[in-house]
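Novice: Quick one: sequence and predicted model below, then my questions.
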Amino acid sequence: MKYKELIDKMTLEEKASLMSGKDFWQTQEIGHLGINNIFLADGPHGIRKQAAAADHLGLNASIPATCFPTAAAVANSWNEALGEKVGKYLGEEAVSQKVNVLLGPGVNMKRNPLCGRNFEYFSEDPYLAGKMAAGYIRGIQSNGISACVKHFCVNNQEERRMAIDTIVDERTLREIYLTAFEIAVKEGNTKSVMSSYNMLNGTYTNENKFLMQQILREEWGYNGCVITDWGGSNDRIEGLLAGNELEMPTTAGETNQYIIQAIKNGIIKEEVLDTCVDRLLNLIFSTEETFKTPIEDFDSEMHHKVAQEVAEESIVLLKNNDNILPLRHGMKVAVIGDFAKEARYQGAGSSIVNPTSLDNTLDCIKSFGIETIGFEVGYNRYGKRSSSMISKACALAKKAEAVLLYIGLDEVSEVEGLDRQNMKLPKNQIELLNALYQVNPNIVVVLSCGSVIEMPWITKVKGLVHAYLSGQAGAKAILRILTGEVNPSGKLAETYPICYEDTSSCHNFPGKEVSVEYREALFIGYRYFDTAKVDVLFPFGYGLSYTTFEYSDLQVTKDAVTFKLTNTGKHAGMEISQLYVGCNSKEIFRANKELKGFAKTLVNPGETKTVTILFDDKTFRYFNIKSKRWEIETADYQIMIGASSIDIKLTDNIYIEGTNAPLPYDKERLPSYFSGKAENVSASEFESLLGYKAPKTTWDRKKPLGYNDTIAQCQYAKGAFARFAYHVLVFAYWFLKKIGKRKIANIIMMSVYHQPFRGIARLTGGIMNMPMLDGVLMIVNGHFFKGLRHVFSERKKMLRAGMR
Ligand code: BGC
């Protein structure tokens with residue numbers, strides 16, 4: 001232990017006091033021992049430090065900070081160094097706002113396009129997500145503070161996120177859902193990790209010793225801190241035993257008392273607590289160093305400029321028929337769409353940033369050498385139809401040489417705590433597009449959304465620029481791409497399926513009651529589409545440029561690939577070349593190809609560059625469930641260099657001598673996995689993969705409700721009062737949506753409807769404790785008066801004990 005001497009001076013009570021927050025955002029201090037509190041704040045694409053009222057829902061404003069493009073956007077840059085740059089600037093702002101731990105980046109996999117938080121995550125591919133995250137972490141931590149990679153792990157749906165049990169086989173867990181975290185830990189050296197809200201195969205991740213001890217600590221050698229997601233602690237003792245150093249936010253000392261009692265009763269050894277205290281002290285002392293030198297205010301104008309540069313590298317050009325882009329100098333354009341007036345630039349929830357400034361297209365466009373003949377809103381941002389808006393937009397479009405149409409998803413449809421209902425654009429926007437097409441076919445769509453949408457309207461547009469959620473300086477960045485000041489170089493970090501029903505997890509998403517089964521196993525994203533031969537709209541790794549590239553001369557050695565890349569067009573440009581590896585294994589099922597490396601190269605017109613991509617420990621590995629280790633199969637491997645996952649430019653083979661591990665699978669029993677057509681796997685085949693019987697997915701409606709059941713489950717509670725409350729809640733949600741108050745309606749779903757009962761105690765900062773919650777549960781389970789009496793008497797006890 002690094003701080004043994006100091007820990008020896010601490011009383012049991014003092015040590016336990018460090019194990020949960022002092023308030024919503026800070027840790028506890030122990031003044032006489034020189035242990036200060038530290039501040040934790042979101043978030044992944046901009047600092048959200050709340051100076052006054054605190055919440056984790058995105059409700060109360062925070063101190064202004066630069067809003068960078070969200071992770072879903074920056075991932076399209078395929079540029080780790082750019083990730084590091086974002087991290088560096090985020091970290092600088094964190095320091096200037098006295099934040100010690102920055103709660104990000106989020107590296108959960110995009111298992112399904114409807115996950116409400118996909119805008120905050122990087123990719124459907126763990127290698128790309130891990131590399132980008134490692135870049136962010138290095139950048140953030142270069143300022144002396146800590147990043148906090150989240151949400152560890154398999155938190156891939158927002159519905160019932162605090163209670164859902166994710167059922168996933170170990171190979172899929174390792175290869176798909178843990179690899180990005182592994183890279184973040186080993187290559188990013190993150191100083192803290194946030195455990196997720198959900199369970200993993202029957203145990204809350206925060207208490208899951210297999211995950212937290214065996215994998216994170218022993219296999220990956222992680223020695224930093226584990227912090228719970230806000231309100232995510234279930235059993236504090238189990239959490240501590242699994243190695244959870246810090247429970248957030250405060251529980252007003254209630255759960256610290258549990259630790260003290262458990263030690264006094266001999267349930268856990270004091271050394272367990274000491275180890276956790278030691279790691280937490282390391283986080284505190286190592287991150288406060290940086291604040292000892294005078295803190296300077298960050299240069300907000302310069303940071304705004306950086307946010308713009310980051311956006312420029314992250315925007316993806318998806319279509320460019322007749323070379324409608326870049327727009328010609330002096331071209332007469334009609335600007336249409338509410339998002340041109342008020343940019344759609346970030347998502348909602350705990351990541352929401354109060355930007356230092358916000359660019360909008362209408363102001364910025366004046367300096368771009370194109371002639372704007374007018375602007376029309378075109379549609380109502382929140383979906384209400386308006387034929388007069390459409391007619392006005394058409395009247396303007398008629399007079400233009402080209403139409404710049406700004407559309408996308410609004411800010412209340414991509415939000416933490418709620419999954420999207422479908423993958424469609426609002427109907428009123430599609431109606432507008434159809435109408436515009438009738439009067440002017442030269443349409444360039446600028447799309448702003450943080451996640452995948454269907455595009456049945458794609459044939460009606462000539463140009464399509466996908467800006468994702470491009471941060472506070474996105475508007476200018478988009479214009480620079482549209483006008484050719486910047487040559488687009490982004491490529492998609494996720495697949496765009498033709499329709500939602502084409503995705504492999506659509507039959508098992510979201511889990512609605514007890515659990516969610518990852519029946520498609522490792523066949524998510526391009527791994528599925530490519531192997532099962534399902535056509536897609538835009539493949540993983542796809543993106544256009546204003547120039548063209550030619551690939552040649554592939555050389556494969558045991559350690560690396562090299563090839564030549566020539567810019568055959570007229571503009572300088574950056575090309576993202578992707579290394580995929582395939583293995584024609586008969587005995588171990590695999591995706592056709594998997595991303596194992598990438599390189600981004602700037603090439604001038606006519607120039608040829610030699611590109612090298614190194615192999616690493618992940619290039620040929622797979623996880624063997626018999627040997628319980630990473631192994632390499634002896635086989636011929638295809639080495640593929642692609643401009644996207646389906647546009648393979650160069651291929652070769654390499655024979656690799658493997659590790660001769662026992663064959664892990666009974667092929668006969670896993671036909672869907674061996675064919676890759678894993679979209680409709682039966683329960684019995686999934687169980688063959690799991691190796692055990694999957695738990696029941698539905699609620700046992702006869703059982704009384706307990707701590708980990710959610711408020712939504714009051715629908716079948718024994719207590720009439722609870723059932724009534726449930727109906728009031730559902731009505732309130734419906735009503736608020738109906739009158740257009742979608743933001744408040746969403747907050748009800750996120751913070752009340754999907755809240756487990758224990759959350760009432762965990763998130764109220766000590767206003768209610770667990771014994772009081774027992775009374776609430778009595779009420780819910782049909783003992784109204786007894787429960788009410790219990791609540792009051794426990795409240796009195798709590799006040800007498802001086803805990804509140
Ligand atoms: C989110 C985390 C966030 C935390 C603190 C939680 O609801 O899941 O991502 O860091 O709140 O705001």
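Specialist: Here it is on my side, so go on.

Novice: Can you show me the strands along the stretch 201-350 of the chain?
Specialist: Remark: strands assigned in the stretch 201-350 of the chain by DSSP state E, counting those that start in this stretch are 203-204, 225-228, 316-320, 332-336.

Novice: mind putting those in CSV, distance to Pro695, mean neighbour count and mean pLDDT included?
Specialist: Using the backbone N, CA and C atoms, a C-beta is placed for each residue, glycine as well. Formatted as CSV, those follow (distance: least, C-beta to C-beta, whole Å; neighbours: other C-beta atoms under 10 Å; pLDDT from 0 to 100):
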stretch, distance to Pro695, mean neighbour count, mean pLDDT
strand 203-204, 12, 22, 98
strand 225-228, 24, 26, 98
strand 316-320, 41, 21, 98
strand 332-336, 52, 23, 98
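
Novice: Any idea which of the ones you listed gets closest to Ala473?
Specialist: Closest approach to Ala473 among the strands of the stretch 201-350 of the chain (C-beta to C-beta): strand 316-320, 17.2 Å.

Novice: Now do that closest one: distance to the chain's middle.
Specialist: In terms of C-alpha atoms, centre = their mean, to the nearest Å, the centre of strand 316-320 is set 24 Å apart from its chain centre.

Novice: Report pLDDT for Gln57.
Specialist: No, residue 57 isn't Gln; it's Leu. On the pLDDT scale, Leu57 is placed at 69.

Novice: Hmm, I typed the wrong one, I wanted Ile370.
Specialist: pLDDT at Ile370 comes out at 95.

Novice: Do I have it right that Met132 meets Glu84?
Specialist: No - using C-beta atoms under 8 Å, Met132 makes no contact with Glu84, being 9.4 Å away.

Novice: Could you check which of these two is surrounded by more residues?
Specialist: Met132 (32 against 20; other C-beta atoms under 10 Å).

Novice: List the residues that contact that one.
Specialist: The neighbours of Met132, taking C-beta atoms under 8 Å, 6 or more residues apart in numbering as the test, are Ala71, Val74, Ala75, Glu80, Gly83, Pro105, Phe122, Ser123.

Novice: is it true that it lies in a strand?
Specialist: No - Met132 is assigned helix when assessed by DSSP: H, G, I helix; E, B strand; the rest coil, not a strand.

Novice: What helix or strand is the nearest residue to it once chain neighbours are set aside located in?
Specialist: Leaving aside its sequence neighbours, Met132 sits nearest to Gly83 (C-beta to C-beta, 6 or more residues apart in numbering; 4.5 Å). According to DSSP states H and E, Gly83 maps onto helix 80-96.

Novice: Would you mark the buried spots in that helix?
Specialist: 80, 82-96 (16 or more other C-beta atoms under 10 Å).

Novice: Which two of those residues have the greatest separation?
Specialist: Once C-beta to C-beta is applied, the buried residues of helix 80-96 give Glu80 and Ser96 as the farthest pair, at 24.8 Å.

Novice: could I get the contacts of Met132 as JSON lines with secondary structure and pLDDT?
Specialist: Shown next, in JSON lines, are the contacts of Met132 (DSSP: H, G, I helix; E, B strand; the rest coil; pLDDT from 0 to 100):
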{"residue": "Ala71", "secondary structure": "helix", "pLDDT": "98"}
{"residue": "Val74", "secondary structure": "helix", "pLDDT": "98"}
{"residue": "Ala75", "secondary structure": "helix", "pLDDT": "98"}
{"residue": "Glu80", "secondary structure": "helix", "pLDDT": "98"}
{"residue": "Gly83", "secondary structure": "helix", "pLDDT": "98"}
{"residue": "Pro105", "secondary structure": "coil", "pLDDT": "98"}
{"residue": "Phe122", "secondary structure": "coil", "pLDDT": "98"}
{"residue": "Ser123", "secondary structure": "coil", "pLDDT": "98"}
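
Novice: of those, closest to the ligand?
Specialist: Pro105 (10.3 Å; C-beta to the nearest ligand atom).

Novice: Compute the number of surrounding residues for the closest one.
Specialist: Counted with other C-beta under 10 Å, Pro105 comes out at 33.

Novice: show me what contacts Met455?
Specialist: Leu425, Tyr496, Leu537.

Novice: Distance to the ligand, neighbour count and pLDDT added to the residues you listed, as JSON lines?
Specialist: Listed next are those as JSON lines, based on distance: C-beta to the nearest ligand atom, whole Å; neighbours: other C-beta atoms under 10 Å; pLDDT from 0 to 100:
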{"residue": "Leu425", "distance to the ligand": "27", "neighbour count": "20", "pLDDT": "97"}
{"residue": "Tyr496", "distance to the ligand": "26", "neighbour count": "21", "pLDDT": "98"}
{"residue": "Leu537", "distance to the ligand": "30", "neighbour count": "18", "pLDDT": "98"}
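
Novice: Among those, which ones are in strands?
Specialist: Cross-referencing the contacts of Met455 against strands under DSSP state E gives Tyr496, Leu537.

Novice: any idea which of the contacts of Met455 is the one closest to His727?
Specialist: Leu425 (32.6 Å).

Novice: which residue packs closest to the closest one, ignoring adjacent ones?
Specialist: Leu425 sits nearest to Ile453 (C-beta to C-beta, 6+ apart), 5.6 Å away.

Novice: ditto for Ile336
Specialist: Gly378 (4.4 Å).

Novice: Report the contact partners of the residue nearest the centre of the chain.
Specialist: The centroid of the chain falls nearest to Tyr121 when counting by C-alpha atoms, centre = their mean (2.6 Å). Residues in contact with Tyr121, defined by C-beta under 8 Å, 6+ apart, are Ala71, Ala72, Gly106, Val107, Asn108, Met109, Lys110, Cys115, Ala129.

Novice: The ligand versus Gly787, what's the distance?
Specialist: Applying C-beta to the nearest ligand atom, to the nearest Å, the value for Gly787 to the ligand is 28 Å.

Novice: mind checking the SS state of that residue?
Specialist: helix.

Novice: check contacts around the spatially closest residue to it that is not a sequence neighbour.
Specialist: Nearest residue to Gly787, sequence neighbours excluded (C-beta to C-beta, 6+ apart): Met778, at 3.1 Å. Listed by C-beta under 8 Å, 6+ apart, the contact set of Met778 reads Phe784, Lys786, Gly787, His790.

Novice: pretty sure Met778 is in a helix, no?
Specialist: Yes - secondary structure of Met778 (three-state DSSP): part of a helix.

Novice: Tell me where the stretch 701-804 of the chain has helices.
Specialist: Per DSSP state H, counting those that start in this stretch, the stretch 701-804 of the chain carries helices over the ranges 720-738, 742-748, 757-762, 770-780, 784-800.

Novice: So for the residue nearest to Gly787, what's the pLDDT?
Specialist: In this model, Met778 is scored at 97, pLDDT.

Novice: go on, Asn156?
Specialist: For Asn156, pLDDT reads 98.

Novice: measure it to Phe540 for me?
Specialist: Separation of Asn156 from Phe540 (C-beta to C-beta, to the nearest Å): 17 Å.

Novice: between the two, who's got more neighbours?
Specialist: More neighbours surround Asn156 than the other of Asn156 and Phe540, with 31 against 27 (other C-beta under 10 Å).

Novice: rewinding a little: could you dump the contacts of Met778 to a markdown table with neighbour count and pLDDT?
Specialist: Shown next, in a markdown table, are the contacts of Met778 (neighbours: other C-beta atoms under 10 Å; pLDDT from 0 to 100):
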| residue | neighbour count | pLDDT |
| --- | --- | --- |
| Phe784 | 15 | 96 |
| Lys786 | 12 | 96 |
| Gly787 | 20 | 96 |
| His790 | 20 | 96 |
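
Novice: I'd like to know which of the residues you listed is nearest to Leu663.
Specialist: Gly787 (56.7 Å).

Novice: Quick one: residues contacting Met1.
Specialist: Ile7, Asp274, Thr275, Asp278.
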